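Engineer: Sequence first, predicted model second:
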Amino acid sequence: MINDSPAPDHSTTAQTVLMDASERLADAGSMDEVVEVLRQTAREAIGAEGIAVVIREDERCFYAAEDAISPLWGGNRFDLSVCVSGWAMQHLETVAIPDIARDDRVPHETYKGTFVRSLLMAPIGKPRAIAALGAYWSDVRNHDPETIRRLESLARLAAIAIDKARLLRAAEESGRQRALMLTAGRMGMWSFDVATGELETSATCRTNFGRDPELPFSYAELHAAIHDEDKARVQGAIETSLRTACDYDIEYRLLTPQGETRWIGIRGQPAYAADGTPVTLAGVSIDITERRRMEDALRTSAATLEHLVAERTRELLTTQEALRQSQKLEAMGQLTGGVAHDFNNLLTPILGSLDLLQRRKVGGDREQRLIDGALQSAERARTLVQRLLAFARRQPLKPEATDTSALLTGISELVATTLGPRITLELDVADDLPLALADTNQVEMAILNLAVNAKDAMPEGGKLVLSAHLQSPGTDHPSVPEGSYVVIAVTDTGTGMSEDTRLRAIEPFFSTKGIGKGTGLGLSMAHGLVSQLGGALTIQSVADEGTTISLWLPLSGGLPTTPGKAAIMEPMVAGIAVLVDDEDFVRASTSDMLTEIGFEVIEARSGEEALAALRQGHHVDVLVTDHLMPEMTGVELARTVLAERPGLPVLVVSGYSDAIGIEAGFPRLEKPFRHADLAAKLAGLLCRAGTPSTDIAAAVL
């Protein structure tokens, strides 16, 4: 007999429990915490004899937690198609079953031995359910609308908490690439040219605005789409950002071509020319329509509850601010490393093709001058990418004999640009300085960090002196080991430091700039760098007078390492090379280089294609393979080939940031590279192997 009698009136208690659950869900920082809150609160909030939290794992349902009068299915997994929770998640619909014996969706064998006679099951998450929340009773009953409403409200709150937990987890996963982060957050990228009014958008950005991702999207179309009530506010935010250099951070409504009203979240930053003229405004967009709708619904039904959640969220954000600052540098490094890696892939065919045209002396004198100029620009781009990678910490430390005079002269223009027009830069470099032992890229980044610190210490302008001299520490610097050093000093006329601040300045995360204005890692990283090189960092400062930061670099007995044109080599071998790369332009450029060196080239787009070619029994002299490829990496391909043909030499050519997973024992050549670079590496590798015409060199790009 069905129980139609109303349950005891406990709406006030249930509402209180629901509010408490909402507050605790707002504090949850992980999926496990969300599940635990639901386990502890859902049963009382719904008035059920048992509840279960079910997590979707691809095509299976995992019963992650339960709270019931007797055991249910905690810890078990079932196919999505054979359980009630799977039905609810697939159909995005709350399931209400008065009598489980009369419903075909219920797997009756699974329910044998449990107390369950009736149930409710609500999906969690839209547009794709990621979990479900079930409530169970021991009697047959018609479920009243109020109980169903509370279950669905708790499911919606859980969806918000799970989304938040996922965002927090994504922010903490420093190994994620930029594209994955943007895709996971459904964020689109955009850039607005202030002078021309041109707008560039990514496919995701156009989708967020309700546009066809394959069609262009102009700024005029964007402005026309903004809701009339929000246009003045949007225009004011843009003008304020460009005028004051503050973040462009706004949420507003827009109308899609289909007549739908959406909410869009925009975050961007302006960029300026050297004279202070705004050049671009660029950032990200995200469709926040569902979030705003949920906020409106919660505001209508429970204004007090929303206020409590907002307060608790603000408290959480405040307590996390210090941690966020420590993560900022790593996040910037990930983004910079990813961009630099992409540029390396672009520069490889450009540099290789220009090099080929120059070596073949294509055209007349004028054409050759143009090619030479393009090559010089490509080489400068390669140097810039190396500096970006050094900032992103994607390069191993490479101590080498370094001409500090040339280093400071080369970086002075970038330092001057960083300082801006209100600060004067002076160079004071001694003549005939001996060579120092240093990693050029890392020292350049340390100097740039020190210049940025000096700029912050001179808000009203001033002077910065960049100097280099030969010194011995003597009694003035007892912490520096005895010996002779090339000392690079950065001296400013800024606010200086107190003695207490000077003593703590190199501590990791120590900063006097305030929350949100610095990571406190610049000096500690510079200190770690020179210590690793066998030198030291010293600080001399007087409050209100200025500061001098000195990098003590040990002397080197080697010859200077300077970039230059590699010698063009004649073809050193003649044989067959299997070339593997999923990037068509990189593969084509490398194929031309190998042909010039003297190889007949067999091209493959993947590791599987390469293995198929090798296993056909053809004689192959060299295997050249990209590292980061779908399904099988270059290292995995090289290991498979070496297992079948032991003793083969291996050459690893990487784009710096994709070098993770490459054994240290593999000789490597970095992208971008020229014909002579590849020829020299292969010659050296095959010479060491002793049989240059018959051995295989596996070059991982």
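Structural biologist: Perfect, I can see it now. In this text the structure is predicted, and so the values were computed from the model without any measurement.

Engineer: now the strands for the stretch 251-400 of the chain?
Structural biologist: Ranges of strands within the stretch 251-400 of the chain are 261-272, 278-287, 400-402, based on DSSP state E, counting those that start in this stretch.

Engineer: oh, I was asking about the stretch 551-700 of the chain
Structural biologist: For the stretch 551-700 of the chain, the strands defined by DSSP E, counting those that start in this stretch cover 575-580, 599-604, 622-625, 650-654, 668-670, 698-700.

Engineer: Sheet partners, orientation included, of the second one?
Structural biologist: According to DSSP bridges, the neighbouring strands of strand 599-604, each with its direction, are strand 575-580 (parallel).

Engineer: for the third one, same thing?
Structural biologist: Based on DSSP bridges, the strands next to strand 622-625 in the sheet, each with its direction, are strand 575-580 (parallel), strand 698-700 (parallel).

Engineer: Determine how far that strand lies from the middle of the whole chain.
Structural biologist: Relative to its chain's centre, strand 622-625 lies at 30 Å (C-alpha atoms, centre = their mean, to the nearest Å).

Engineer: do stretch 352-367 as well
Structural biologist: Put simply, stretch 352-367 sits 38 Å off its chain's centre (C-alpha atoms, centre = their mean).

Engineer: Span of it from start to end?
Structural biologist: 17 Å (C-alpha to C-alpha, to the nearest Å).

Engineer: coming back round to it: for residue 412, find the nearest of the strands of the stretch 551-700 of the chain.
Structural biologist: Distance to residue 412, taken as C-beta to C-beta, is lowest for strand 668-670 among these, at 25.8 Å. C-beta here means a position set from N, CA and C on the backbone, and glycine is covered the same way.

Engineer: What strand or helix carries residue 207?
Structural biologist: Using DSSP states H and E, residue 207 sits within helix 203-208.

Engineer: Check which residues of that helix are buried.
Structural biologist: Neighbour-count burial for helix 203-208 flags 204, 205, 206, 207, 208 (criterion: 16 or more other C-beta atoms under 10 Å).

Engineer: And for stretch 627-643?
Structural biologist: Across stretch 627-643, burial judged by 16+ other C-beta under 10 Å covers 627, 628, 629, 632, 633, 634, 635, 636, 637, 638, 641, 642.

Engineer: Out of those, the closest to residue 283 would be?
Structural biologist: residue 628 (27.6 Å).

Engineer: any idea how far residue 343 is from that closest one?
Structural biologist: Residue 628 sits at a distance of 15 Å from residue 343 (criterion: C-beta to C-beta, to the nearest Å).

Engineer: if you skip the residues just before and after it, what's nearest to residue 68?
Structural biologist: Excluding its sequence neighbours, the residue lying closest to residue 68 (C-beta to C-beta, 6 or more residues apart in numbering) is residue 50, at 2.8 Å.

Engineer: typed the wrong thing, it's residue 257
Structural biologist: Take residue 257 and drop its neighbours on the chain: the residue closest to it by C-beta to C-beta, 6+ apart is residue 210, 6.5 Å away.

Engineer: before we move on, which element is that neighbour in?
Structural biologist: Secondary structure assignment for residue 210, by DSSP H and E: no helix or strand.

Engineer: Check the one 3 residues further on too.
Structural biologist: With secondary structure defined by DSSP H and E, residue 213 is part of neither a helix nor a strand.

Engineer: give me every residue that touches it.
Structural biologist: Counting by C-beta atoms under 8 Å, 6 or more residues apart in numbering, residue 213 makes contact with 203, 204, 206, 207.

Engineer: In space, what's closest to the second one - neighbours in sequence excluded?
Structural biologist: Once flanking residues are discounted, residue 204 sits nearest to residue 188: 3.8 Å by C-beta to C-beta, 6+ apart.

Engineer: ditto for the last one
Structural biologist: Spatial nearest neighbour of residue 207, chain neighbours left out: residue 213 (5.0 Å); criterion: C-beta to C-beta, 6+ apart.

Engineer: Can you tell me the SS state at residue 196?
Structural biologist: Here residue 196 is coil, with the state taken from DSSP: H, G, I helix; E, B strand; the rest coil.

Engineer: gap between it and residue 218?
Structural biologist: 11 Å.

Engineer: Which of those two has more residues huddled nearby?
Structural biologist: Each of residue 196 and residue 218 has its neighbours counted (other C-beta atoms under 10 Å); residue 218 has more, 12 against 8.

Engineer: Spatially, which residue comes closest to the more buried one, not counting chain neighbours?
Structural biologist: Spatial nearest neighbour of residue 218, excluding adjacent residues (C-beta to C-beta, 6+ apart): residue 199 at 6.0 Å.

Engineer: If that neighbour is in a bridge, with which residues?
Structural biologist: Note on residue 199: beta-bridge partners residue 192, judged by DSSP bridges.

Engineer: returning to that earlier point: now the element after the helix holding residue 207, going C-ward?
Structural biologist: Sequence-wise, the next helix or strand downstream of helix 203-208 (DSSP H and E) is helix 219-225.

Engineer: list the buried ones in whatever helix or strand comes next after that next one?
Structural biologist: Per DSSP H and E, the first helix or strand lying C-terminal to helix 219-225 is helix 231-244. Neighbour counts over helix 231-244 (16+ other C-beta under 10 Å) mark 234, 237, 238, 241, 242 as buried.

Engineer: For helix 231-244, which outside residues touch it?
Structural biologist: Residues from elsewhere that reach helix 231-244, judged by C-beta under 8 Å, 6+ apart: 194, 223, 226, 246-250, 252, 268-270, 278, 281.

Engineer: what angle separates that helix from strand 278-287?
Structural biologist: Relative orientation of helix 231-244 and strand 278-287, computed by axes from the mean of the first three to the mean of the last three C-alpha atoms, to 10 degrees: 140 degrees.

Engineer: how far is helix 231-244 from where the chain is centred?
Structural biologist: Centre-to-centre, helix 231-244 and its host chain are 29 Å apart (C-alpha atoms, centre = their mean).

Engineer: So what angle separates the directions of that helix and strand 261-272?
Structural biologist: Between helix 231-244 and strand 261-272, the angle comes out at 20 degrees (the same axes, to 10 degrees).

Engineer: how many other residues sit next to residue 435?
Structural biologist: Residue 435 is flanked by 20 other residues according to other C-beta under 10 Å.

Engineer: Can you list phi and psi of it for me?
Structural biologist: Backbone torsions of residue 435, given as degrees, to the nearest 10, read phi -70, psi 140.

Engineer: Verify the contact between residue 136 and residue 115 for me.
Structural biologist: Yes - the criterion here is C-beta atoms under 8 Å, and residue 136 meets it with residue 115 at 7.5 Å.

Engineer: So these two - more neighbours on which side?
Structural biologist: residue 136 (26 against 16).

Engineer: Make sure that one is indeed in a strand.
Structural biologist: Yes - under three-state DSSP, residue 136 sits within a strand.

Engineer: Tell me how far it lies from residue 73.
Structural biologist: Distance from residue 136 to residue 73, counting by C-beta to C-beta: 11 Å.
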